[in-house]
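In: no sequence on this one, just coordinates:
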């Protein structure tokens with residue numbers, strides 16, 4: 001590597017202490033969305049788990065994917081979602097980041113993380129409740145799971161059945177959701193949170209033209 005930058009190779013990765021290695025690789029990919037996945041077990045207890053791995057899969061049909069750690073120990077969210085086929089994903093805003101972070105602690109199956117951390121569920125026209133304090137909630141239906149054999153994690157694909165947006169002013173007339181108006185938090189690594197701000201929007205790239213700034217659409 002030219003200059004005074006750092007350069008790491010596989011031998012360095014193997015020599016690192018485990019927590020250092022986890023922090024490095026968890027932050028290497030940059031900012032991710034921070035959400036709480038709410039599911040319900042057969043006894044009716046609501047589970048709330050932080051998720052940094054929600055990815056857009058497609059718009060037609062609308063699909064998301066979530067990565068679950070290896071199912072070698074109890075995974076309440078995975079087991080509940082798999083059994084019931086339904087869950088909700090709720091965007092975390094700056095106002096509740098402490099409680100959402102705390103929801104990652106290991107609570108017994110019979111304890112609802114929502115109650116334990118001081119958050120609330122709200123029942124809408126969907127079998128699984130949404131997070132009352134969230135400005136953006138998504139109702140999900142399980143579609144499929146695929147084991148990633150390289151590390152035994154699971155990629156679950158889910159269909160988006162409904163969306164609740166409690167700040168209509170965040171939806172522009174071209175369909176874009178201004179997440180910064182929802183105070184939506186981003187995360188880098190496992191414990192560092194950010195509030196993003198918009199930089200610009202650019203027009204669809206064409207091979208025969210230079211990048212062109214796009215007018216900011218009006219709100220609905």
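Out: Nice, I can see it. Note that the structure is predicted; figures quoted are calculated from it, not measured.
In: in the chain, which spans are strands?
Out: Secondary structure of the chain by DSSP state E: the strands cover 32-33, 35-40, 46-51, 55-59, 62-68, 86-91, 121-122, 130-131, 136-148, 153-165, 186-188, 192-194.
In: could you dump the ones you listed to a markdown table with distance to residue 104 and mean neighbour count?
Out: Quick note: C-beta positions are derived from backbone N, CA and C, even for glycine. Shown next, in a markdown table, are those (distance: least, Cβ to Cβ, whole Å; neighbours: other Cβ atoms under 10 Å):
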| stretch | distance to residue 104 | mean neighbour count |
| --- | --- | --- |
| strand 32-33 | 14 | 18 |
| strand 35-40 | 10 | 26 |
| strand 46-51 | 5 | 22 |
| strand 55-59 | 19 | 12 |
| strand 62-68 | 14 | 18 |
| strand 86-91 | 15 | 25 |
| strand 121-122 | 18 | 16 |
| strand 130-131 | 15 | 26 |
| strand 136-148 | 19 | 18 |
| strand 153-165 | 17 | 17 |
| strand 186-188 | 11 | 19 |
| strand 192-194 | 13 | 14 |
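In: what would the ones you listed look like in JSON lines with mean pLDDT and distance to residue 113?
Out: Shown next, in JSON lines, are the strands of the chain (pLDDT from 0 to 100; distance: least, Cβ to Cβ, whole Å):
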{"stretch": "strand 32-33", "mean pLDDT": "95", "distance to residue 113": "19"}
{"stretch": "strand 35-40", "mean pLDDT": "96", "distance to residue 113": "8"}
{"stretch": "strand 46-51", "mean pLDDT": "95", "distance to residue 113": "4"}
{"stretch": "strand 55-59", "mean pLDDT": "96", "distance to residue 113": "23"}
{"stretch": "strand 62-68", "mean pLDDT": "96", "distance to residue 113": "16"}
{"stretch": "strand 86-91", "mean pLDDT": "98", "distance to residue 113": "12"}
{"stretch": "strand 121-122", "mean pLDDT": "97", "distance to residue 113": "11"}
{"stretch": "strand 130-131", "mean pLDDT": "98", "distance to residue 113": "11"}
{"stretch": "strand 136-148", "mean pLDDT": "97", "distance to residue 113": "16"}
{"stretch": "strand 153-165", "mean pLDDT": "97", "distance to residue 113": "19"}
{"stretch": "strand 186-188", "mean pLDDT": "96", "distance to residue 113": "17"}
{"stretch": "strand 192-194", "mean pLDDT": "97", "distance to residue 113": "18"}
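In: List the buried residues in the lengthiest helix in the chain.
Out: The longest helix of the chain (DSSP state H) is helix 18-28. The neighbour-count check on helix 18-28 (16 or more other Cβ atoms under 10 Å) flags 23, 26, 27 as buried.
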